[in-house]
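**Student:** Sequence below, structure please.
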Amino acid sequence: MGEWGLLHQLQGLVAVSLLASPTMVEWCEAAFAAAEAALEAKRQHNKKARPGSPGKDRAAAAGARLAAGGGVGGGPSVVLGADELDVVELELLLQDLVSPADCPENPLPDPACLHLSINVAALAELRTAKQKQLQEGGSQAAIGDAAAAATPAAAAVGAASAAATGGLWGCAGEWAGLSCRHSGSWQLSLLYNPEELARFSTAWRFLVQLRWVRRRLDAARHGACKGTAARHGACKGAAARRGASKGAAARHDAAGQDAREEAAVAAAMRAAAASRGLAHSRAAEPGSGGSAAPKWLSGRQELLLLQEMGQMMARWQQYIMDRLLRAALPALLQALCSAGSLDEVRSAAGAFLATVCNLCNARPSGKGAGGTWQHIGRVLARLMDRCLAAAAAAARLQELRQMLDQPGLEPAEAQRSWLELCGLRARLAAVSGDWRGDVGYLLRILKMRSTTLGDADDLEALLGCLDANGYWQRLAGHQLAAAR
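**Tutor:** I've put the predicted structure just below:
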């Protein structure tokens, strides 16, 4: 097989489709940076185009924009960075990176064999579905809170909650519209037909989505840690000027941050109600313990949520790459080198493709083990959207906290910002509950099906990788006992 160039062609296909090459990782980072720049430009444009409703009408204007299909920034609620990507520029960048990377340690295919495309119709359909979901969720939140709180406050809180579900940074499914197709060669045609090569493209899209989610989580966690460190540093400096203990001041700051934000949000709610001449219920204020009060996570719990999400996604990616590049691919190359007939070659190639389809959610259909892997892929898609929602809310929270710490902020702007902060923190708490529920459901599937199907499908190995220390299983057990 070596003299035909088949091994080199196969290694190049794997390097591109499974992002197993440093060159492809560099290309992904460049594509992500372009998408983030486009998202930030859209957000800044929406902020400038926002109607300047002064004072008392700002919160009501936010609710009106939400009901009309707009987001908190005045533009569309769903913002997809993939919409702004230039496929021609991305393809040229890929060809520029692939062309000089011709070395045995980093085998890549001929740049002419790689074709990038963006499915505009799929992105439009996704945007419409997400827009409808955000409008329904935000409208229901505003209607539910309006029974106990002032209408302007509830509208702003509901609008912020809707934005945190994915309006700021899109969803993982947007990267499914981007496709990298390998046109194949006569050597690869011995192993895979065009339909099977298309499955490698599906696996590529899945791995790109997973890498995008990890990037957004890492950025949000870094921003949250940086903001916490800045606040602690300021608190320690103030304590030094007063002659107090720096350690005690830092502990007091961590414990008092939530209380200060609760008090500020309650004051903003009362001011919003008074400006409209409406009654206000203290039971709707955060920290009051009322049934209508928004539920918040503490600052430490919010950071822990981002860390848990990042660890889960990192373990999943590590499991996929280890099973494919350290187990499945060496087994395929060894089988090709020792094959005595074309049927043996195709059999080994088919087994490798089946493993890729299982782990990368690229199986078109299936029953039994195939159906189980499809269901796991759907649960993972929900988990990735939860991660992006949490990352978007955490990033926006950090921006709001920095803005609210600045002196000289206009009262109307501060009121709107505090109400938005309330909605974001409430949404983070809701995402946390959904996330833990989905993770517990996923682990129950893995545990049950690994016993039923056996170890051949790698389900038990995946369970051990995702829950190496048994943390999630213990947490699910505690939640089940509490429910009983």
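**Student:** How about the contacts made by Met312?
**Tutor:** Residues counted as contacts of Met312 (C-beta atoms under 8 Å, 6 or more residues apart in numbering) are Leu383, Val439, Leu466. For every residue, glycine as well, the C-beta is placed using N, CA and C.
**Student:** Least confident secondary structure element in the chain?
**Tutor:** Here the helix or strand of the chain ranked lowest by mean pLDDT, DSSP states H and E is helix 57-67, holding a mean of 39.
**Student:** Just the ones in helices from the contacts of Met312, please.
**Tutor:** Among the contacts of Met312, the members found in helices (DSSP state H) are Leu383, Val439, Leu466.
**Student:** Looks like Met313 contacts Leu210 (just checking).
**Tutor:** Yes. Using C-beta atoms under 8 Å, Met313 makes contact with Leu210 at a distance of 6.6 Å.
**Student:** intersection of neighbour lists for the two?
**Tutor:** With C-beta under 8 Å, 6+ apart as the test, Met313 and Leu210 both reach Met384.
**Student:** thinking again about what came up before, any chance of the contacts of Met312 in JSON lines, with pLDDT too?
**Tutor:** JSON lines is the format used below for the contacts of Met312 (pLDDT from 0 to 100):
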{"residue": "Leu383", "pLDDT": "92"}
{"residue": "Val439", "pLDDT": "90"}
{"residue": "Leu466", "pLDDT": "83"}
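**Student:** In PyMOL, select just the buried ones from these.
**Tutor:** Selection of buried members from the contacts of Met312 for PyMOL, criterion 16 or more other C-beta atoms under 10 Å:
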select buried, resi 383+439+466
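**Student:** Tell me the one among the contacts of Met312 nearest to Glu36.
**Tutor:** Nearest to Glu36 out of the contacts of Met312 is Leu383 (C-beta to C-beta; 21.3 Å).
**Student:** Can you name the residues that contact that closest one?
**Tutor:** Leu383 makes contacts with Met312, Met313, Trp435, Asp438, Val439, Leu442, as judged by C-beta under 8 Å, 6+ apart.
**Student:** Closest one to Glu84 out of those residues, please.
**Tutor:** Distances from Glu84 to the contacts of Leu383, taken as C-beta to C-beta, are shortest for Met313 (24.5 Å).
**Student:** Look up how far His222 lies from the closest residue in space to Leu217 that isn't next to it in sequence.
**Tutor:** Setting aside the residues directly before and after it, Leu217 is nearest to Gly310 in space (C-beta to C-beta, 6 or more residues apart in numbering), at 4.4 Å. Distance, Gly310 to His222, using C-beta to C-beta, to the nearest Å: 10 Å.
**Student:** Would you mind telling me which of those two has the busier surroundings?
**Tutor:** Neighbours per residue, other C-beta atoms under 10 Å: of Gly310 and His222, the larger number sits with Gly310, 19 against 13.
**Student:** How about the secondary structure of that one?
**Tutor:** helix (DSSP: H, G, I helix; E, B strand; the rest coil).
**Student:** Please tell me how far it sits from Gly5.
**Tutor:** The gap separating Gly310 from Gly5 is 40 Å, by C-beta to C-beta.
**Student:** again, but for Ala129
**Tutor:** Taking C-beta to C-beta as the measure, Ala129 falls 44 Å from Gly5.
**Student:** who does the longest helix belonging to the chain touch, helix- and strand-wise?
**Tutor:** Using DSSP H to define each element, the chain has its longest helix at helix 194-242. Counting contacts by 3 or more C-beta pairs under 8 Å, 6 or more residues apart in numbering; DSSP states H and E, helix 194-242 is packed against helix 6-17, helix 22-49, strand 178-182, helix 246-276, helix 299-323, helix 342-359, helix 369-404.
**Student:** Just give the closest residue to Glu460, not the sequence neighbours.
**Tutor:** Nearest non-adjacent residue to Glu460, counting by C-beta to C-beta, 6+ apart: Ser450, 3.9 Å away.
**Student:** burial measure for the one you found, as a count.
**Tutor:** Neighbour count of Ser450, defined by other C-beta under 10 Å: 19.
**Student:** surely it meets Gly464?
**Tutor:** No. The pair Ser450 and Gly464 does not pass the contact test of C-beta under 8 Å, sitting 9.4 Å apart.
**Student:** Looks to me like Leu116 is in a helix.
**Tutor:** No. Counting by three-state DSSP, Leu116 falls outside a helix, being strand.
**Student:** okay, it: pLDDT?
**Tutor:** On pLDDT, Leu116 comes in at 86.
**Student:** quick one, what contacts Phe200?
**Tutor:** Leu13, Ser17, His182, Tyr192, Leu353, Val356, Ala362.
**Student:** now, among these, which is nearest to Glu89?
**Tutor:** When the contacts of Phe200 are compared against Glu89 (criterion: C-beta to C-beta), the nearest one is His182, at 20.1 Å.
**Student:** How much space separates that closest one from Leu92?
**Tutor:** In this view, His182 and Leu92 are 18 Å apart by C-beta to C-beta.
**Student:** the more surrounded of the two?
**Tutor:** Shown here are His182 and Leu92; by other C-beta under 10 Å, His182 has more neighbours (23 against 13).
**Student:** So in terms of bridging, what pairs with the more buried one?
**Tutor:** Residues in a beta bridge with His182, per DSSP bridges, are Leu114.
**Student:** pretty sure it is in contact with Cys113, am I right?
**Tutor:** Yes. His182 lies in contact with Cys113 (C-beta under 8 Å); the separation is 5.7 Å.
**Student:** rewinding a little: name the element the residue nearest to Glu460 belongs to?
**Tutor:** For Ser450, the host element (DSSP states H and E) is helix 411-453.
**Student:** could you check the angle helix 299-323 makes with that helix?
**Tutor:** 40 degrees (axes from the mean of the first three to the mean of the last three C-alpha atoms, to 10 degrees).
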